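1. structure of the sequence below:
(one chain, ligands or ions: 1)
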Amino acid sequence: MIVVAIDGPAGSGKSSVARAVAAQLGYGFLDTGASYRALTWWALDQDIDLADEDAVAGLLGTFTYSSSLDPDLESFAVGDVDVTAKIRDPRISLAVSAVAQNLRVREWMKNSARDLATHSGFPGVVAEGRDMTTVVFPDASTRILLTAREEVRIERRAGDVAGRDLAETTASVRERDAKDSNVVDFFTAAPGVTVVDSSDINFSDTVSAIVDIVRAGSDQ
Ligand code: DC
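-> Residues are numbered from 1 along each chain as shown. The predicted structure follows:
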């Protein structure tokens with residue numbers, strides 16, 4: 001199985017970059033943050049207290065998550081509910097870290113990501129998240145940490161979410177990174193992981209840089 005594993009903090013542009021890399025290579029695309037968001041949506045929909053780790057972990061037995069791996073088709077569902085738009089709601093972005101810190105949830109998500117990649121039907125998969133290079137696919141063919149300076153990430157996030165001011169975005173990006181990095185370190189590259197810093201390069205150059213790294217790796 002060919003896996004390109006990409007990790008990075010909020011606002012590094014990971015998701016759109018990884019999707020474009022997958023499209024260029026003809027690979028599937030796995031947005032693992034979406035699965036944490038989908039579980040968060042489902043828990044909130046059932047009025048589960050996200051701080052109650054047992055209650056959240058208890059949902060996993062009946063959590064039927066499905067995801068399109070086609071980089072040209074963004075689509076996520078829980079059971080037969082299409083949650084593609086729902087999981088991007090700021091309400092979910094605010095709450096998701098609590099779910100992502102639940103270790104039983106992380107174990108389930110790890111197995112789910114591996115399973116989705118194994119059965120993708122594509123010749124390879126680009127998997128994007130926080131622990132792809134270290135925990136989920138430590139033996140991936142290519143492992144990349146996509147970073148950007150904090151002020152650049154904040155500006156990009158502010159641009160993504162219309163109507164949000166810079167101070168609000170700064171607070172939310174910092175808070176989420178701080179909470180998320182309690183359970184997994186996505187600021188420092190593990191041994192063997194290539195760092196791509198997108199602070200001073202545009203979107204398409206970032207995509208090309210990663211595609212080049214993947215191709216260079218497969219020539220060896
Ligand atoms: O990348 P994102 O913003 O969609 O991620 C949503 C949340 O899930 C975020 O709080 C970090 C967490 N996450 C994680 O802990 N591990 C992953 N592999 C992917 C996301």
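2. and E107, that's in a helix?
-> Yes - counting by DSSP: H, G, I helix; E, B strand; the rest coil, one finds E107 located in a helix.
3. and it, how many neighbours does it have?
-> The tally of other residues near E107 (other Cβ atoms under 10 Å) stands at 13. Using the backbone N, CA and C atoms, a C-beta is placed for each residue, glycine as well.
4. what's the answer for L146, then?
-> If you count neighbours by other Cβ under 10 Å, L146 ends up with 25.
5. which strand or helix spans it?
-> Using DSSP states H and E, the secondary-structure element containing L146 is strand 142-147.
6. residues contacting S172?
-> By Cβ atoms under 8 Å, 6 or more residues apart in numbering, S172 lies in contact with S93, L94, R157.
7. who are the packing partners of the lowest-mean-pLDDT helix or strand in the chain?
-> Within the chain, judged by mean pLDDT, DSSP states H and E, the helix or strand with the poorest mean is helix 150-160; its value is a mean of 82. Using 3 or more Cβ pairs under 8 Å, 6 or more residues apart in numbering; DSSP states H and E as the contact criterion, the neighbours of helix 150-160 among helices and strands are helix 166-180.
8. bridged to the residue nearest in space to the middle of the chain, which residues?
-> Residue closest to the average C-alpha location in the chain (Cα atoms, centre = their mean): G129, at 3.0 Å. Using DSSP bridges, the beta-bridge partners of G129 come out as D7.
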